[in-house]
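A.B. asks: Here is a sequence with its predicted model. Questions after.
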Amino acid sequence: MLWLVWLAMDLSGLTGWLVQEWYLHDTDWFAALSALLVAGVYAAIVPRSRPACFFIILLAGGWWAGYIILTGLLGLHMTPPRSDNWSGCLGLFVALVFNLVRGQNRAALQVTICGFLAGGIGFAVGDFVNMLGHAQWGPIGHFEALQGLDCWKWMEQLFGLIMGIGVGFAFLRRIRPKLAAPAEDQSGGNLNTIGLLFLLIVMMWANLHKNVLNWAKGSHIPDSLFGVRAQWWFLLVGLILSAIIALAIVRRHRQNLPLMPSSEFGRGQLLFLAILWISIAGAFTQALPVMAGRGVFFVHLTFWITGGICSLIILGLSGKSTPQPEAQISASDQFWKHGGRYWISWLLVPFLIILLAYLTVSAHDKPLSGSHLRFTKDVQQ
């Protein structure tokens, strides 16, 4: 329901009008406000949805609290003149942690903390390498082969790699021993089907339609074919592909799709590979018109190499695991409680960030091009 409201706001132009009328530091405040309103109204109309609606209200309220306190009252701006969504996202994260603590969901809380730590470390390390590239430090400035390779993408990929490794290790602990499934995750339920529809149809439309817009803008496709604009032909192809995927999902929901692997592990492999290679192919076709640049070519080469390595790893897994005990551990069990190593990790992170900041500053003796002061009130609106 909330996604439908956001889609209607975008298509009707309401989102654009709200942004023009109330800028609010280029944040997604309209999404947080509409989430509060939609969740509140839906909870009043459908009583059985109130736990889920309360969760959405809590997250949206946390976003507003973070933005109002950090940016509105304290005047902190992390990346001027860019968006200050960071403050709302921080408030949302605090609200999420509060909800997990209140519900004693220790398993989810542990994964959340691990993701937070791994993501923070990944971003710090990735941005450190990005700054070395911008500063043309050491071998990067000495060897021509290492120049012009889009060091910003180095940061993005290192960030994702380190955070992915951290989250992956966190989830491994939920497999051995096995975490008890939540009450809403029942066989034959509709949540998995809805999830597939969003992953394979909605998410793909939201991202891949930009390729067609960029091709048309850059005059890389004809204006029309047989008197019909080229964009409409792409729309037709997209609808046919979406119908194929939707039919497969519905047939699988009815347990009537021989093409689909019978095991959960096999279905997980297929879903991972499908999303991985659709994303790689989508990014590649978007960048193909400007692939002549060394930086763009190198970035997409690494995408294909990384995708190939991930595919080899996935296909190399047998799916056979050691026998697990029948008993499953609930999410609130003391087994999932944080140990000393997690608190030690928290204490080490500030020292790592300070060290990386010192090394980054030492890599250059003057401000880099495009630099901005962070956390300052002197921001152009």
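C.D. replies: Yep, it's here.
A.B. asks: How about residue 218, nearest residue that isn't a chain neighbour?
C.D. replies: Excluding the flanking residues, the one nearest residue 218 by Cβ to Cβ, 6 or more residues apart in numbering is residue 289, at 5.5 Å. (Each C-beta comes from the backbone N, C-alpha and C, glycine too.)
A.B. asks: Just the pLDDT for residue 176.
C.D. replies: Predicted confidence (pLDDT) at residue 176: the value is 63.
A.B. asks: Going forward, count from 56.
C.D. replies: In the new count, where the first residue is 56, that last one comes out as residue 231.
A.B. asks: Tell me the secondary structure at residue 317.
C.D. replies: Put simply, residue 317 is coil when judged by DSSP: H, G, I helix; E, B strand; the rest coil.
A.B. asks: Can you name the residues that contact it?
C.D. replies: By Cβ atoms under 8 Å, 6 or more residues apart in numbering, the contact list for residue 317 is empty.
A.B. asks: how about 10 Å then?
C.D. replies: residue 310 (Cβ atoms under 10 Å, 6 or more residues apart in numbering).
A.B. asks: Need phi/psi at it.
C.D. replies: phi -80, psi -30 (degrees, to the nearest 10).
A.B. asks: buried residues in the top helix by length along the chain?
C.D. replies: The single longest helix within the chain, with elements called by DSSP state H, is helix 161-189. Buried residues in helix 161-189, defined by neighbour count with 16 or more other Cβ atoms under 10 Å: 161-189.
A.B. asks: which helices and strands sit right next to that helix?
C.D. replies: Using 3 or more Cβ pairs under 10 Å, 6 or more residues apart in numbering; DSSP states H and E, the elements in contact with helix 161-189 are helix 140-157, helix 194-197, helix 206-230, helix 395-417.
A.B. asks: how far does it sit from the chain's center?
C.D. replies: Taking Cα atoms, centre = their mean, to the nearest Å, one finds the center of helix 161-189 at 13 Å from the center of the full chain.
A.B. asks: From residue 174, how far off is residue 216?
C.D. replies: Residue 216 sits 11 Å away from residue 174 when distances are taken as Cβ to Cβ, to the nearest Å.
A.B. asks: that older thread, of the helices and strands packed on helix 161-189, which is nearest residue 123?
C.D. replies: Closest approach to residue 123 among those (Cβ to Cβ): helix 140-157, 8.4 Å.
A.B. asks: Can you list the buried residues in the closest one?
C.D. replies: Neighbour-count burial for helix 140-157 [16+ other Cβ under 10 Å]: 140-148, 150-152, 154-155.
A.B. asks: repeat for stretch 260-272
C.D. replies: For stretch 260-272, a neighbour-count test (16+ other Cβ under 10 Å) marks 263, 266-267, 269-271 as buried.
A.B. asks: swap in stretch 307-318?
C.D. replies: The neighbour-count check on stretch 307-318 (16+ other Cβ under 10 Å) flags 307-308 as buried.
A.B. asks: Can you get me the start-to-end distance on that stretch?
C.D. replies: 12 Å (Cα to Cα, to the nearest Å).
A.B. asks: Looking at the buried residues of stretch 260-272, spot the one nearest residue 94.
C.D. replies: Set against residue 94, the nearest of the buried residues of stretch 260-272 by Cβ to Cβ is residue 263 (29.2 Å).
A.B. asks: do you know how far the closest one is from residue 295?
C.D. replies: To residue 295, residue 263 is 14 Å away according to Cβ to Cβ.
A.B. asks: for residue 236, same thing?
C.D. replies: Distance from residue 236 to residue 295, by Cβ to Cβ: 36 Å.
A.B. asks: Could you check which of the two has the larger neighbour count?
C.D. replies: Comparing residue 236 with residue 295 by other Cβ atoms under 10 Å, the one with more neighbours is residue 236, at 12 against 9.
A.B. asks: Can you say which helix or strand has the more buried one in it?
C.D. replies: Secondary structure assignment for residue 236, by DSSP states H and E: no helix or strand.
A.B. asks: Surely it and residue 384 touch.
C.D. replies: No. Counting by Cβ atoms under 10 Å, residue 236 sits too far from residue 384 to count as a contact (11.2 Å).
A.B. asks: Now for residue 418: which residues touch it?
C.D. replies: Contacts of residue 418 (Cβ under 10 Å, 6+ apart): 183, 186-193, 195.
A.B. asks: ok so, going back, tell me who's in contact with the residue nearest to residue 273.
C.D. replies: Residue 344 touches 269-270, 273-275, 351, counting by Cβ under 10 Å, 6+ apart.
A.B. asks: would you say it is within a strand?
C.D. replies: No. Going by three-state DSSP, the assignment for residue 344 is helix, not a strand.
A.B. asks: if I look at the closest residue in space to residue 194 that isn't next to it in sequence, how far off is residue 415?
C.D. replies: Using Cβ to Cβ, 6+ apart and skipping the chain neighbours, the partner closest in space to residue 194 is residue 201 (6.3 Å). According to Cβ to Cβ, residue 201 stands 18 Å off from residue 415.
A.B. asks: Check residue 386 too.
C.D. replies: Taking Cβ to Cβ, one finds residue 386 at 39 Å from residue 415.
A.B. asks: and if you look at residue 233?
C.D. replies: Counting by Cβ to Cβ - residue 233 and residue 415 are separated by 43 Å.
A.B. asks: So for these two, which sits in the more crowded spot?
C.D. replies: A side-by-side neighbour count of residue 233 and residue 415, using other Cβ under 10 Å, places residue 415 first with 19 against 14.
A.B. asks: Surely that one touches residue 181?
C.D. replies: No. Assessed by Cβ under 10 Å, residue 415 is found out of contact with residue 181, at 11.7 Å.
A.B. asks: Chain neighbours aside, what residue packs nearest to the most centrally placed residue in the chain?
C.D. replies: In the chain, the centroid-proximal residue (Cα atoms, centre = their mean) is residue 215; its distance is 9.6 Å. In space, and not counting its chain neighbours, residue 215 is closest to residue 177: 7.1 Å by Cβ to Cβ, 6+ apart.
A.B. asks: Alright, I will stop here.
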